[in-house]
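Asker: Provided below are the primary sequence and the corresponding predicted coordinates.
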Amino acid sequence: MSARILAKYFSRNKKPFVIAIVLLLLVDALQLAIPLVVKRVVDSLRTGTIGASAISGVGSMSSMSSMSSMSSMSEPLLLWSGLAIVAIGFLLFALRVVWRILLSSQAYRIVRDLREQFYHKLLQQPYEFFTKWEIGDLMARATNDMSAVRMLFSFAIVSAVDTVFLGTAALLFMMVLNPKLTMIAVLPLPLLVIVVFSFETRIHKTFQKVQEKYSELTSFVQESFSGIFVVKAFRDEEKRRDTFADMNEGYVHENLKLAKLNALFDPMLLLIIALSNVLVFWFGGRDVLRGRFSLGELIAFVSYLETLAWPVMAVGFSVSMYQRGIASLKRIEEISELPVPRRLEGGVRARVRAANEPCSISIRNLVFGYEGKDPLFRNLNFEVSAGKTVGVLGKIGSGKSTLARIL
């Protein structure tokens, strides 16, 4: 079901999404190239220093000429390596700008189309639809749910691609550099996955409560202002104000719970990643001192480890945003995919009249009822002449308010 919904929207906007994903893969590939350049520079400098030191034992003149030769050999390497990193940086900047513009613009276009379809479908619905659905709930679907869908078609795609491609590639580079150290480095990462998924579950549930509180608050405010004359007539302002304060406090409480979870979540991730770095520096540093592992390889290894940390963390983000986005998309489509209601024969007939022309109302064969209930009115006929005042009497639930709303 979820895959079918996503495929429907991707198929409508296939070209921009494909281009953006290709550019994102190029960005990831260029990111993986930078540690290799740094490794080459560090190893070359270290080799040059050792060579000069070894030669220095022969004689001062020989040592000076060797050091000068090493320096002249390393300067072009430093220059070209620096230029290569700068060029990669500029290329990363350009590609990131392009793919972000493509993904963001497509996400906004999808949300724009969804919002237009949503609004158009609401206009097509009969009166009884709005007696069954709360306005606040509809507004929440048109605002907060639309934002979740936008994140689904933008940031969630980035997280998913990075998780699969960047994570796999970084792990392979680490294995090529040092398989043993890779096994040691990834020991804390399962703990990272557990923390991400456990926190994301709690964050997701709290986020759902925040959405529900927001929907309730919006509905209450809308009802208060739409019925402000009733509120004033019954002097209900104080009670309404207290109720609003309680609901607002509940909304703030759920938001604070979400903020506390996020505040605890990020430091825990950094702590686990730091633990992995400590293991790498301890065991990798010993191998460097013993000559089993070069300093440049250790620096490149640490860079790939830091690169790997983001895809592992992004697993939780991707799953969470996917769940939120799909849930919101289903809520929106619950309205957007409603069938067009059948129009009754006859309907309202009106004509344009002059400003000073008297107006009369004529009702012929009116039939109306709420969904799942017997009709309130069946073949109702009456006429109100211009300038006349009519009173409608009846017991509670007989349809007085409904008739007024129909008119």
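Answerer: Arrived safely. Numbers count the residues shown, from 1 in each chain.
Asker: Next, the distance between the ends of stretch 147-163.
Answerer: 23 Å (Cα to Cα, to the nearest Å).
Asker: buried sites along it?
Answerer: Residues 148-163 are the ones in stretch 147-163 that count as buried (16 or more other Cβ atoms under 10 Å). Bear in mind the C-beta positions are built from the backbone N, C-alpha and C, glycine included.
Asker: if you look at those residues, which of them are in helices?
Answerer: Members of the buried residues of stretch 147-163 lying in helices (criterion: DSSP state H): Ala148, Val149, Arg150, Met151, Leu152, Phe155, Ala156, Ile157, Val158, Ser159, Ala160, Val161.
Asker: Going by distance to Arg109, which of those wins?
Answerer: The closest of these to Arg109 turns out to be Arg150 (Cβ to Cβ; 10.1 Å).
Asker: check contacts around that closest one.
Answerer: Counting by Cβ atoms under 8 Å, 6 or more residues apart in numbering, Arg150 touches Ala107, Tyr108, Ile110, Val111.
Asker: Please state the offset of stretch 251-259 from the chain centre?
Answerer: Distance of stretch 251-259 from its chain centroid, counting by Cα atoms, centre = their mean, to the nearest Å, is 19 Å.
Asker: got the CA positions of it in PDB?
Answerer: Output of stretch 251-259 as PDB, limited to C-alpha atoms (Å, rounded to 0.1, in the frame of the first residue of the first chain):
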ATOM      1  CA  TYR A 251       0.100  21.200  23.900                       C
ATOM      2  CA  VAL A 252       3.100  22.900  25.500                       C
ATOM      3  CA  HIS A 253       3.600  19.800  27.800                       C
ATOM      4  CA  GLU A 254       3.800  17.400  24.800                       C
ATOM      5  CA  ASN A 255       6.200  19.800  22.900                       C
ATOM      6  CA  LEU A 256       8.500  19.900  26.000                       C
ATOM      7  CA  LYS A 257       8.500  16.100  26.100                       C
ATOM      8  CA  LEU A 258       9.500  16.000  22.500                       C
ATOM      9  CA  ALA A 259      12.200  18.700  23.100                       C
END
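Asker: Other residues contacting it?
Answerer: Here stretch 251-259 has contacts from Ile203, Thr206, Phe207, Lys209, Val210, Lys213, Tyr214, Leu217, using Cβ under 8 Å, 6+ apart.
Asker: Save those residues as TSV, and put in neighbour count and secondary structure too.
Answerer: Conversion of the contacts of stretch 251-259 to TSV gives the following (neighbours: other Cβ atoms under 10 Å; DSSP: H, G, I helix; E, B strand; the rest coil):
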residue	neighbour count	secondary structure
Ile203	19	helix
Thr206	19	helix
Phe207	21	helix
Lys209	16	helix
Val210	18	helix
Lys213	19	helix
Tyr214	18	helix
Leu217	17	helix
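Asker: Could you identify the most distant pair in the residues you listed?
Answerer: Farthest apart among those - using Cβ to Cβ - are Ile203 and Leu217, which lie 20.6 Å from each other.
Asker: what about the spatially closest residue to Val390 that is not a sequence neighbour, neighbour count?
Answerer: Leaving aside its sequence neighbours, Val390 sits nearest to Val384 (Cβ to Cβ, 6 or more residues apart in numbering; 5.2 Å). Neighbourhood size, Val384 [other Cβ atoms under 10 Å]: 14.
Asker: With Thr402 as the reference, measure out to Val384.
Answerer: According to Cβ to Cβ, to the nearest Å, Val384 and Thr402 sit 17 Å apart.
Asker: Also Phe283?
Answerer: 78 Å.
Asker: Looking at these two, which has the bigger crowd around it?
Answerer: Neighbour totals were compared for Phe283 and Thr402, and Thr402 leads with 18 against 15 (other Cβ under 10 Å).
Asker: what's near enough to touch that one?
Answerer: Phe368, Leu376 are the contacts of Thr402 under Cβ under 8 Å, 6+ apart.
Asker: so it is in which element?
Answerer: Assigned by DSSP states H and E, Thr402 belongs to helix 400-406.
Asker: buried sites along that helix?
Answerer: Result for helix 400-406 [16+ other Cβ under 10 Å]: buried residues Thr402, Leu403.
Asker: gap between that helix and the chain center?
Answerer: 43 Å.
Asker: Quick one: mean pLDDT for it?
Answerer: Helix 400-406 carries an average pLDDT of 75.
Asker: Kindly format the C-alpha coordinates of it as PDB.
Answerer: What follows is helix 400-406, C-alpha atoms only, in PDB (Å, rounded to 0.1, in the frame of the first residue of the first chain):
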ATOM      1  CA  LYS A 400     -34.700  24.200  12.800                       C
ATOM      2  CA  SER A 401     -31.000  24.900  12.900                       C
ATOM      3  CA  THR A 402     -30.400  22.600   9.900                       C
ATOM      4  CA  LEU A 403     -33.000  24.500   7.800                       C
ATOM      5  CA  ALA A 404     -31.400  27.800   8.700                       C
ATOM      6  CA  ARG A 405     -28.000  26.500   7.600                       C
ATOM      7  CA  ILE A 406     -29.400  25.200   4.400                       C
END
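Asker: doesn't Val27 make contact with Val158?
Answerer: No - Val158 lies out of contact with Val27 (Cβ atoms under 8 Å); the separation is 9.9 Å.
Asker: mind checking how far the longest helix along the chain is from the chain centre?
Answerer: Determined from DSSP H, the single longest helix within the chain is helix 60-124. Its chain's average C-alpha position is 23 Å from that of helix 60-124, according to Cα atoms, centre = their mean.
Asker: avg pLDDT for it?
Answerer: What helix 60-124 shows for mean pLDDT is 76.
Asker: following that helix, which helix or strand comes up?
Answerer: helix 127-132.
Asker: What are the buried residues along that following helix?
Answerer: Glu128, Phe129.
Asker: That one: what's the following helix or strand?
Answerer: helix 135-142.
Asker: How about Ala160: what's its closest non-neighbour residue?
Answerer: Ser318 (4.9 Å).
Asker: An error on my part: the question was meant for Gly394.
Answerer: Lys400 (5.3 Å).
Asker: so that neighbour sits right up against Val390, yeah?
Answerer: No - checked against Cβ under 8 Å, the pair Lys400 and Val390 is beyond contact range at 11.7 Å.
Asker: the strands in this structure, which residues?
Answerer: If DSSP state E is used as the criterion, the strands of the chain fall at 361-368, 377-384.
Asker: For the last one, give me every contacting residue.
Answerer: Contacting residues not belonging to strand 377-384 are listed as 360-369, 390, 399, 403 [Cβ under 8 Å, 6+ apart].
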